[in-house]
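Novice: starting from these lines, generate the structure:
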Amino acid sequence: MSVNSQKLYEGKAKVLYTTDNPEILLADFKDDATAFNAQKKGRIIDKGRMNCSISSKLFQTLEARGIKTHFIDNPTPNQMRVRAVKILPLEVVVRNIAAGSLCRQTGLELGTLLAKPLVEFYYKNDNLGDPLLTRDRLHLLQLATPEQVDTITHLALQINELLKGFFQQCGITLVDFKLEFGVDSQQQILLADEISPDTCRLWDTSEADPNRRVMDKDRFRQDLGNVEDAYEEVLQRVLQAIEKQNAS
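Specialist: Prediction:
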């Protein structure tokens, strides 16, 4: 880290630092874990390294398939250099299978396969509890332009198809996941934040038991145990799938 680096922002999972280049930031991934809008707090040993590595590999995989991301490189195992972007205050959630709040709010049974992927927008605002937004409310609050909303919806669905296929090669079912997007100095929309077991629901495809199949932060949320083991298993499967792709 440069001697001129300054802390720019600290979130629940990462700390962002400035660098000598105003167009580049350094993201330092933390081991801290939170759930239920930080009502539950804890620590997942080595989570920073695992999530940074998983996110980096997935960003590179998506970049190779035409998705523009903020990822640049990894100066250390738990750090990621990223392009500076202005984050749109939206959490974009893509759902393939009913789980979590979708079940609580609709009565759908856990594990219900959706006829088509569902894209939802949440207001990225901790004080309000990150509420679900209608498109009209999104436009009312001027959180993004109609064109930006159309672009990120298209990108989210495209990313979903790419990640579903990739995770399938890992023996993992992509249940749902959260994305964040930012706008760079050239007004390009880039995929930002991270893609990891913190931001995805991932189920072991070969496991039928509803608890044992969980490979994501639900293990922390629901006190299922073996959280670190699940994250490490996801990392190893991601690395193996990439190695296999590179060898073919």
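Novice: from here on, contacts and neighbour counts on C-alpha atoms
Specialist: OK.
Novice: what mean pLDDT does stretch 95-109 get?
Specialist: When pLDDT is averaged over stretch 95-109, the result is 97.
Novice: make that stretch 222-237, sorry
Specialist: Averaged across stretch 222-237, pLDDT comes to 97.
Novice: tell me the spacing between Lys124 and Val15.
Specialist: 17 Å (Cα to Cα, to the nearest Å).
Novice: between these two, point out the one with more neighbours.
Specialist: Lys124 (19 against 16; other Cα atoms under 10 Å).
Novice: pretty sure the more buried one sits against Ile87.
Specialist: No: here Lys124 does not reach Ile87: they are 9.9 Å apart, not a contact under Cα atoms under 8 Å.
Novice: what sits up against the longest helix along the chain?
Specialist: In the chain, assigned by DSSP state H, the helix with the most residues is helix 146-169. Contact partners of helix 146-169, identified using Cα atoms under 8 Å, 6 or more residues apart in numbering, comprise 62, 67, 92, 94, 117, 119, 139, 173-174, 179, 181, 189, 238, 241.
Novice: just the buried ones from those residues?
Specialist: 62, 67, 92, 94, 117, 119, 173-174, 179, 181, 189, 238, 241 (16 or more other Cα atoms under 10 Å).
Novice: what comes up buried for stretch 228-239?
Specialist: Residues Glu228, Ala230, Tyr231, Glu232, Val234, Leu235, Arg237, Val238, Leu239 are the ones in stretch 228-239 that count as buried (16+ other Cα under 10 Å).
Novice: residues near Leu25, how many?
Specialist: Applying other Cα under 10 Å, we find 24 residues neighbouring Leu25.
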